[in-house]
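Peer 1: whatever this is, show me its structure:
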Amino acid sequence: MKVYLVGGAVRDQLLGLPVKDRDWIVVGTDPATLLSLGYQQVGKDFPVFLNPKNKRRICTCPNRT
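Peer 2: From the prediction side, this is the model:
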């Protein structure tokens, strides 16, 4: 399982701007595994989970080829 910072936070860092919001994406796992690790699912239509340790929201990325 790998976690990546994505979205506006990456843009802001590259531009040297203050980061106000962080979006995280997880690859190499599935929703069932996150649930078994204690993550709480908060998205109904999109796989968004709450990290039990730091309360950050993350989403999973489906494996597509």
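Peer 1: can you tell me the closest non-neighbouring residue to the residue nearest to the spatial centre of the chain?
Peer 2: Nearest to the mean C-alpha position of the chain, by CA atoms, centre = their mean, lies residue 58 at 2.3 Å. Leaving out its chain neighbours, the residue that sits closest to residue 58 by CB to CB, 6 or more residues apart in numbering is residue 24, at 4.2 Å. Using the backbone N, CA and C atoms, a C-beta is placed for each residue, glycine as well.
Peer 1: ok, residue 3 - contacts?
Peer 2: 24, 25, 26, 58 (CB atoms under 8 Å, 6 or more residues apart in numbering).
Peer 1: touching, the residue nearest to residue 58 and residue 55? I think so.
Peer 2: No. Using CB atoms under 8 Å as the test, residue 24 is too far from residue 55 to be in contact (11.9 Å).
Peer 1: so for these two, which sits in the more crowded spot?
Peer 2: residue 24 (16 against 8; other CB atoms under 10 Å).
Peer 1: helices along this structure, start to end?
Peer 2: In the chain, the segments counted as helices under DSSP state H are 8-15, 31-36.
Peer 1: low-confidence ranges, the chain, go.
Peer 2: By pLDDT under 70, the weakly predicted segments of the chain are 63-65.
Peer 1: would you turn the helices of the chain into CSV with mean neighbour count and distance to residue 44?
Peer 2: Below are the helices of the chain laid out as CSV (neighbours: other CB atoms under 10 Å; distance: least, CB to CB, whole Å):
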stretch, mean neighbour count, distance to residue 44
helix 8-15, 12, 23
helix 31-36, 14, 12
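Peer 1: quick one: residue 50 and residue 19, what's the gap?
Peer 2: From residue 50 over to residue 19 the distance is 20 Å, taken as CB to CB, to the nearest Å.
Peer 1: show me which of these two is the more surrounded one.
Peer 2: Just comparing residue 50 and residue 19: by other CB under 10 Å the higher neighbour count belongs to residue 50, 16 against 12.
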